[in-house]
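In: need coordinates for the following:
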Amino acid sequence: MKISKLTPFAAAVLLSACALGGDKRPAQPDWVDGSSDRYPSRAYVVGIGSADDLATARDRARADVAKTFSVSVDQTSSDRQSYSTQDNGAGASSEYSADIQRDLTLRTQQVLEGVTVPESWQDPATKRHHALAVLNRAQAAARLRQDVSGQDAAAEALLNRARATNDNFTRAQLALEVVENQRRRAALQSMLRAVDATGNGVSPRWPLAQLEADLKTALSRITLRTEGEAPWQAMLAGQLADSGFTISESGEYTVLLTANENAIKRDGWHWLRANLVLDVKGPGGRSLGQQRWELKESATDAGTAEMRLHETAAAILGKEGRDAILKIVKN
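Out: Residues are numbered from 1 along each chain as shown. The predicted structure follows:
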């Protein structure tokens, strides 16, 4: 009789325990599968990370958010390289290439300072940790819009200065600065579109293609006379013409290229060193300044070593010769 009376009580206790979740596992959050009601994609850039420990999972979640920007930056870099390959006249120098990469890296880091990791979850079955990282789109877009506005203000000031000058070198230098400014701006615009809820960002005020065309025109108005021994004079003339300058025997400014070569043979290898000097002379033949490069190439035969040295020299002149001449003259 006692057993039969206790049976309903025992059943009630068992049901109560189940109702309280005594044997219930915590439910998996919706964001683990990449979609969150609390952090919708229209308002947040979301990143998911998983690992055996929580710290690594958090880091991977932040890195997942950062991919949104790295794709934009890589695309911008590819576009710049493609343009540089097609048209050396407006191609970016190696110095500019490194500069824009540092600039974009810094700006990306600044935007990513807004990333938080509000939630994490450990799977009770696998013991694996999952983390959710989020970036508020509105806040990130506001910072990038401010950066874009700053670039546009600087570009407008440069364009006004270019319109006010009659000096060809000054106009070319300012045109180059405007192009570099708006290439940075294009990269920022790409990042902004990645986080902007509308996906539009801020349309450019000046078409980049037109600014690059203006730079070509400004460079073509600078007439240079090239000097140097063979094969350096011909190499210099070719590279400067490709960079956009007009090469003429009656050029107002003269550019001289010299190369002091030193050949060494050691252990079957031919080593060739050269001190490449670019000397810019103004009206009257007065030297305005120089740019130097130290070159070194090697090969198993002397002819190949010399060919490689010439190829390296040509590449350097193509990438840095234009900017070096403009800098020397304007300083």
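In: so residue 212 sits in a helix?
Out: Yes: under DSSP: H, G, I helix; E, B strand; the rest coil, residue 212 falls within a helix.
In: pretty sure it contacts residue 179?
Out: Yes: counting by C-beta atoms under 8 Å, residue 212 does reach residue 179; the two are 5.7 Å apart. Heads up, the C-betas are built off the backbone N, CA and C, glycines and all.
In: which of those two has more neighbours?
Out: Using other C-beta atoms under 10 Å as the criterion, residue 212 and residue 179 rank with residue 179 on top: 23 against 19.
In: please name the residues that touch the more buried one.
Out: 90, 208, 211-212, 215 (C-beta atoms under 8 Å, 6 or more residues apart in numbering).
In: residue 328 too?
Out: Residue 328 neighbours (C-beta under 8 Å, 6+ apart): 280, 288-291.
In: try residue 206
Out: Contacts of residue 206 by C-beta under 8 Å, 6+ apart are 155, 159, 178, 182.
In: if you rank the contacts of residue 179 by neighbours, which is first?
Out: residue 90 (24 neighbours).
In: and the strand or helix carrying residue 174, how far out from the chain middle?
Out: Using DSSP states H and E, residue 174 sits in helix 168-195. Relative to its chain's centre, helix 168-195 lies at 12 Å (C-alpha atoms, centre = their mean, to the nearest Å).
In: would you map the strands across this structure?
Out: 44-51, 116-122, 129-136, 223-227, 246-247, 253-266, 269-281, 287-299 (DSSP state E).
In: can you give the domain ranges for this protein?
Out: 28-136, 139-219, 222-330 (automatic domain parsing).
In: burial count for the residue nearest to residue 60 when sequence neighbours are not counted?
Out: Among residues not flanking residue 60 along the chain, residue 49 sits closest, at 2.9 Å (C-beta to C-beta, 6 or more residues apart in numbering). Counted with other C-beta under 10 Å, residues neighbouring residue 49 total 22.
In: show me the shaky parts of the chain.
Out: 1-26, 71-101 (pLDDT under 70).
In: show me the contacts for the nearest residue to residue 133 once chain neighbours are set aside.
Out: Of all residues beyond its chain neighbours, the one nearest residue 133 is residue 61 (3.6 Å), with distances taken as C-beta to C-beta, 6+ apart. Residue 61 makes contacts with 47-49, 117, 131-133, as judged by C-beta under 8 Å, 6+ apart.
In: on that earlier part again, any chance of the strands of the chain in a markdown table, with distance to residue 163 too?
Out: A markdown table is the format used below for those (distance: least, C-beta to C-beta, whole Å):
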| stretch | distance to residue 163 |
| --- | --- |
| strand 44-51 | 41 |
| strand 116-122 | 46 |
| strand 129-136 | 40 |
| strand 223-227 | 22 |
| strand 246-247 | 22 |
| strand 253-266 | 23 |
| strand 269-281 | 26 |
| strand 287-299 | 25 |
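In: most packed of the ones you listed?
Out: Most buried of the strands of the chain by mean neighbour count (mean count of other C-beta atoms under 10 Å) is strand 129-136; its value is a mean of 23.
In: for it, which strands pair with it and how are they oriented?
Out: strand 44-51 (antiparallel), strand 116-122 (antiparallel) (DSSP bridges).
In: next one: the last one to chain centre, how far?
Out: Spelled out, it's strand 116-122. On C-alpha atoms, centre = their mean, the centre of strand 116-122 falls 31 Å from the chain's centre.
In: check the longest one too.
Out: The gap between where strand 44-51 is centred and where its chain is centred comes out at 24 Å by C-alpha atoms, centre = their mean.
In: that strand vs helix 168-195, what angle?
Out: Inter-element angle recorded for strand 44-51 and helix 168-195: 70 degrees (by axes from the mean of the first three to the mean of the last three C-alpha atoms, to 10 degrees).
In: what's the nearest residue to residue 278 if we skip its chain neighbours?
Out: residue 291 (4.4 Å).
In: Provide a list of residues in contact with the one you found.
Out: 277-278, 320-321, 324, 328.
In: swap the cut-off to 10 Å and go again
Out: Neighbouring residues of residue 291 by C-beta atoms under 10 Å, 6 or more residues apart in numbering: 257, 276-280, 316-317, 320-321, 323-325, 327-328.
In: ok, so of those residues, who is nearest residue 106?
Out: residue 323 (22.0 Å; C-beta to C-beta).
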